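J.: show me the folded form of this:
(2 chains)
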Amino acid sequence: AQSVTQLDSHVSVSEGTPVLLRCNYSSSYSPSLFWYVQHPNKGLQLLLKYTSAATLVKGINGFEAEFKKSETSFHLTKPSAHMSDAAEYFCVVSQLNFGNEKLTFGTGTRLTIIP
Amino acid sequence: GAGVSQTPSNKVTEKGKYVELRCDPISGHTALYWYRQSLGQGPEFLIYFQGTGAADDSGLPNDRFFAVRPEGSVSTLKIQRTERGDSAVYLCASSLWGGFVGTEAFFGQGTRLTVV
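T.: Residues are numbered from 1 along each chain as shown, chains lettered A, B, ... in the order given. Okay, here's the model as predicted:
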């Protein structure tokens, strides 16, 4: 079975400073990995996804993530935090179950932006 | 519609009662998923429909939970004899033909179910 571990339940950064949200995965083969964001009272939104093409993946709103097989990591970064980035972020792995694909979510990281 | 619509947005019910949660997927999307998100946790898979049939219901916790999608569009998640532990946000997602790698899935805002 595949799984993801989000290493921080809460991260606080000042506006304008870099953001780093950490994620490690466990997989017996090359996984597909995603980052989703969940704003209060909003649906989950796809930020970016890795599907075995380029290891550095660029997403929406200036976010990017790097797939590192040697470290089994898929950390999410952004050079400069904005107040609108405050939300819950989920690292996710795609899992095949009897030929059907489904997502397995991490426990989430709550990002707080300090003005 | 423009996105995945879930109704009601909030539902409070008494322990032991029956509830139905509705999901209207994006028009034309054949794949539909239900997930459950408990407080402080990530969403957990419940069931996946491809068209009218449940292709994977391995995430349903027990036989009190049942979901249908009779015409391949709207889906209803049904919970019988609700328990306090069923309290969670129930999320629905749809995608064009299934899967999350080859195509993007879109999530609704969820139904917050509270069992008192």
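J.: pull the number of nearby residues for the residue of chain B with the smallest separation from chain A.
T.: Taking CB to the nearest CB, chain A has its nearest neighbour within chain B at B:Gly42, 3.1 Å off. (C-beta placed from N, C-alpha, C; glycine too.) Neighbour count for B:Gly42, taken as other CB atoms under 10 Å in any protein chain shown: 22.
J.: do the same with A:Asn41
T.: The local packing of A:Asn41 (other CB under 10 Å) involves 9 other residues.
J.: one step back: contacts only, for the residue of chain B closest to chain A.
T.: The neighbours of B:Gly42, taking CB atoms under 8 Å, 6 or more residues apart in numbering or on different chains as the test, are A:90, A:92, A:105-108.
J.: now with 10 Å?
T.: In this structure, B:Gly42 makes contact with A:4, A:6, A:36, A:38, A:44, A:88, A:90-92, A:103-108, B:35, judged by CB atoms under 10 Å, 6 or more residues apart in numbering or on different chains.
J.: which of those lies closest to B:Val115?
T.: B:Tyr35 (18.0 Å; CB to CB).
J.: could you say which helix or strand holds that closest one?
T.: Assigned by DSSP states H and E, B:Tyr35 belongs to strand B:31-37.
J.: give the other helices and strands that that strand contacts.
T.: Strand B:31-37 sits against strand A:100-105, strand B:19-24, strand B:44-50, strand B:53-56, strand B:65-68, strand B:75-79, strand B:88-95, strand B:105-107, with contacts defined as 3 or more CB pairs under 10 Å, 6 or more residues apart in numbering or on different chains; DSSP states H and E.
J.: please enumerate the helices of chain A.
T.: Taking DSSP state H as the criterion, chain A contains no helices.
J.: near chain B, which residues of it show up?
T.: With CB under 10 Å from any CB of the partner chain as the criterion, chain A meets chain B at residues A:4, A:6, A:9, A:31-34, A:36, A:38, A:41-46, A:49-52, A:88, A:90-108, A:110.
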